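Chemist: missing the sequence, but the structure's below:
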Ligand SMILES: C=C(O[C@@H]1C=C(C(=O)O)C=C[C@H]1O)C(=O)O
């Protein structure tokens with residue numbers, strides 16, 4: 001028989017370990033504060049947050065992790081430790097698509113940790129504005145969903161914004177039917193954001209045929225409305241259920257099993273190369289033949305993978321388009337720099353929206 005260690009002894013061990021962890025974390029926090037002082041002494045102003053350095057710290061933790069904690073669990077713990085360390089100086093102010101309880105808020109905490117000051121903002125346009133005016137240092141906006149495709153508002157806003165993309169984060173999006181009722185019978189209306197409604201279209205047709213479906217400004221707003229009327233339901237995340245004290249009538253009602261939304265972090269910063277980065281660009285060719293060839297040629301020539309391409313009307317002429325493109329690598333990496341230089345000569349306009357570390361957690 002294996003030797004069973006008494007509970008009291010295990011708890012004594014855990015208490016002693018916790019004391020050591022606490023001391024070490026505080027030692028780390030003091031170091032992080034010193035980093036801030038050094039940055040200040042070197043003349044840096046504004047935020048001491050460094051997305052490139054944070055990505056490297058988290059990647060290293062995953063590599064070093066001996067287990068039994070999973071690499072992801074270890075990285076999440078360190079995400080929070082870093083967040084708390086950075087907040088000692090001054091918590092970052094991050095604008096996100098509110099109100100509280102949205103998936104964008106979840107994405108904000110996943111990327112920055114919980115020590116940020118999260119500032120709910122009602123529209124994507126105003127999130128850009130909040131960062132452009134310096135009201136917040138960073139913003140978090142959805143950019144694409146695996147079921148529904150790009151969020152056009154976000155892409156379009158980049159056409160005239162000086163802001164850069166300085167990070168990305170993905171959230172596995174589970175949709176749920178929430179309400180004050182106990183089941184599907186008697187539901188007269190369902191509220192949700194238009195993206196979420198689209199992600200649950202088949203489910204709604206199958207289980208709530210003929211029920212009025214109304215798009216509102218956010219899932220959290222839908223949950224709030226459902227909390228006011230016992231005959232009306234909302235489609236939203238579980239955080240919204242808790243926030244508005246709603247029953248979970250049906251869980252995971254999204255049509256696609258891997259429904260995932262990608263969010264980007266916008267700000268004035270331009271992170272340094274980490275070796276595992278992406279670069280997003282905006283390209284306009286004018287209404288010419290062979291336009292796509294001129295765009296893709298330089299990437300093929302320098303062996304650069306394109307992860308995403310999306311076209312949007314340029315709004316500068318009928319059938320004139322701009323392309324939003326994500327490639328692998330950082331603008332300072334040799335091959336990417338060379339390809340972008342060639343591209344610049346091939347097209348009417350090239351705007352680098354940012355080079356940033358690939359999502360780590
Ligand atoms: C400590 C630094 O500053 C901040 C805090 C970090 C941390 O706690 O590890 C990492 C990057 C920055 O966001 C640093 O630049 O090294």
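Modeler: In hand now; what should we look at? Remember, it's a predicted structure, so these values are computed and weren't measured experimentally.
Chemist: CA atoms for contacts and neighbours, from now on please.
Modeler: Noted.
Chemist: residues near whichever residue of the stretch 151-300 of the chain sits closest to the ligand, how many?
Modeler: With C-alpha to the nearest ligand atom as the measure, residue 271 is the residue of the stretch 151-300 of the chain nearest to the ligand, at 10.8 Å. Per other C-alpha atoms under 10 Å, the neighbour tally for residue 271 reads 21.
Chemist: these two touch, right, it and residue 164?
Modeler: No. At 9.8 Å, residue 271 and residue 164 do not qualify as touching, with contact defined as C-alpha atoms under 8 Å.
Chemist: just the strands in the stretch 151-300 of the chain please.
Modeler: Along the stretch 151-300 of the chain, counting by DSSP state E, counting those that start in this stretch, strands occupy 164-172, 176-179, 189-193, 212-216, 232-236, 247-250, 260-267, 277-284.
Chemist: what's the neighbour count on residue 323?
Modeler: Residues within reach of residue 323, counting by other C-alpha under 10 Å, total 21.
Chemist: and residue 190, by the same measure?
Modeler: 25.
Chemist: show me the beta-bridge partners of it.
Modeler: Taking DSSP bridges as the rule, residue 190 bridges to residue 213, residue 233.
Chemist: contacting residues around it?
Modeler: With contacts defined as C-alpha atoms under 8 Å, 6 or more residues apart in numbering, residue 190 is in contact with 211-214, 232-235.
Chemist: of those residues - the most surrounded one?
Modeler: residue 234 (33 neighbours).
Chemist: in a markdown table, list the contacts of residue 190 along with pLDDT and distance to residue 146.
Modeler: As requested, the contacts of residue 190 are exported to a markdown table (pLDDT from 0 to 100; distance: C-alpha to C-alpha, whole Å):
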| residue | pLDDT | distance to residue 146 |
| --- | --- | --- |
| 211 | 97 | 26 |
| 212 | 98 | 25 |
| 213 | 98 | 22 |
| 214 | 98 | 22 |
| 232 | 98 | 28 |
| 233 | 98 | 25 |
| 234 | 98 | 21 |
| 235 | 98 | 18 |
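Chemist: wait, which of the residues you listed is closest to residue 147?
Modeler: Among these, residue 235 lies closest to residue 147 (C-alpha to C-alpha), at 15.9 Å.
Chemist: tell me the bridge partners for the residue lying closest to that closest one once chain neighbours are set aside.
Modeler: Nearest residue to residue 235, sequence neighbours excluded (C-alpha to C-alpha, 6 or more residues apart in numbering): residue 177, at 4.7 Å. Beta-bridge partners of residue 177, counted by DSSP bridges, are residue 235, residue 250.
Chemist: now residue 169: how far from residue 243?
Modeler: From residue 169 over to residue 243 the distance is 23 Å, taken as C-alpha to C-alpha, to the nearest Å.
Chemist: can you count the residues close to the residue of the chain found nearest the ligand?
Modeler: Using C-alpha to the nearest ligand atom, the closest approach of the chain to the ligand is made by residue 49 at 3.4 Å. By other C-alpha under 10 Å, 19 other residues sit near residue 49.
Chemist: could you look up the SS state of it?
Modeler: coil (DSSP: H, G, I helix; E, B strand; the rest coil).
Chemist: hang on, it packs against residue 86?
Modeler: Yes. Counting by C-alpha under 8 Å, residue 86 is a contact partner of residue 49 at 7.1 Å.
Chemist: what number of residues lie near residue 33?
Modeler: Counted with other C-alpha under 10 Å, the neighbours of residue 33 add up to 17.
Chemist: what pLDDT is listed against it?
Modeler: On the pLDDT scale, residue 33 is placed at 95.
Chemist: hang on, isn't it packed against residue 87?
Modeler: No. With contact defined as C-alpha under 8 Å, residue 33 does not reach residue 87; the gap is 9.6 Å.
Chemist: ok so, going back, need the winner for burial among the strands of the stretch 151-300 of the chain.
Modeler: Each of the strands of the stretch 151-300 of the chain was scored by mean neighbour count; the highest is strand 232-236, a mean of 30, by mean count of other C-alpha atoms under 10 Å.
Chemist: so how far is the helix ranked longest in the chain from its chain's centroid?
Modeler: Criterion DSSP state H: the longest helix present in the chain is helix 7-41. Chain-centre distance of helix 7-41: 29 Å, with C-alpha atoms, centre = their mean, to the nearest Å.
Chemist: which SSE is immediately downstream of that helix?
Modeler: Going down the chain from helix 7-41, the next helix or strand is helix 51-64, by DSSP states H and E.
Chemist: who touches that next one?
Modeler: For helix 51-64, with C-alpha under 8 Å, 6+ apart as the criterion, the contacting residues are 71-72, 74-75, 78-79, 82, 166-167, 271-274, 356-357, 359-360.
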